[in-house]
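*Asks:* dropping the sequence and predicted coords here.
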Amino acid sequence: MFLFHKPEPLNEVELLAPDYRKVAFCESSLNPRAVSRTGKYRGLFQFDQRSWEWVGGSPEITPDEASVSEQYKRARLLVSKQGFARAFPQCAYKTGVVK
């Protein structure tokens, strides 16, 4: 007799497209609540508040307070406007997303 268990839900971070996952790993070690030492950069993709709001993020919250799906949405918008090389210059090259 086999026992079937309902699978655990996937962590939202595991659902990121490969290039975004690489950048997020580089930026925050895949931690959506990460905050830089200075407090300027926050969240999975280490947005500063100005960039966050420029791509439609709420001024009422900081990026690290937003859901993973919201952070991912804002990262995709930033990349659509600037490309990976400008949006995430260090990590895009470091991870090989941009060659």
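*Replies:* On my side now, so go ahead. Residues are numbered from 1 along each chain as shown.

*Asks:* mind listing the helices for this structure?
*Replies:* 18-28, 49-54, 68-87, 89-94 (DSSP state H).

*Asks:* looking at those helices, which is closest to Thr62?
*Replies:* With Cβ to Cβ as the measure, helix 49-54 is the member of those nearest Thr62 (6.5 Å). C-beta coordinates here come from the backbone N, C-alpha and C atoms, glycine included.

*Asks:* hang on, Ala87 packs against Leu78?
*Replies:* Yes. At 4.5 Å, Ala87 counts as touching Leu78 under the criterion of Cβ atoms under 8 Å.

*Asks:* what lies in contact with stretch 77-84?
*Replies:* 19-20, 23, 45, 47, 51, 54-56, 87-88, 92, 97-98 (Cβ atoms under 8 Å, 6 or more residues apart in numbering).

*Asks:* now the buried members of the residues you listed.
*Replies:* Asp19, Tyr20, Val23, Phe45, Phe47, Ser51, Val55, Ala87, Phe88, Ala92, Val97, Val98 (16 or more other Cβ atoms under 10 Å).

*Asks:* now these as CSV including pLDDT and distance to Val68?
*Replies:* Formatted as CSV, the buried ones among the contacts of stretch 77-84 follow (pLDDT from 0 to 100; distance: Cβ to Cβ, whole Å):
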residue, pLDDT, distance to Val68
Asp19, 95, 16
Tyr20, 95, 11
Val23, 96, 14
Phe45, 96, 10
Phe47, 97, 13
Ser51, 97, 17
Val55, 98, 16
Ala87, 96, 18
Phe88, 96, 17
Ala92, 96, 20
Val97, 94, 19
Val98, 93, 23
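
*Asks:* pull the most distant pair out of the contacts of stretch 77-84.
*Replies:* Maximum distance among the contacts of stretch 77-84 (Cβ to Cβ): 23.8 Å, for Gly56 and Val98.

*Asks:* just for the protein, where's the confidence low?
*Replies:* For the chain, applying pLDDT under 70 flags the ranges 1-10.

*Asks:* I'm done for today, thanks for sticking with me.
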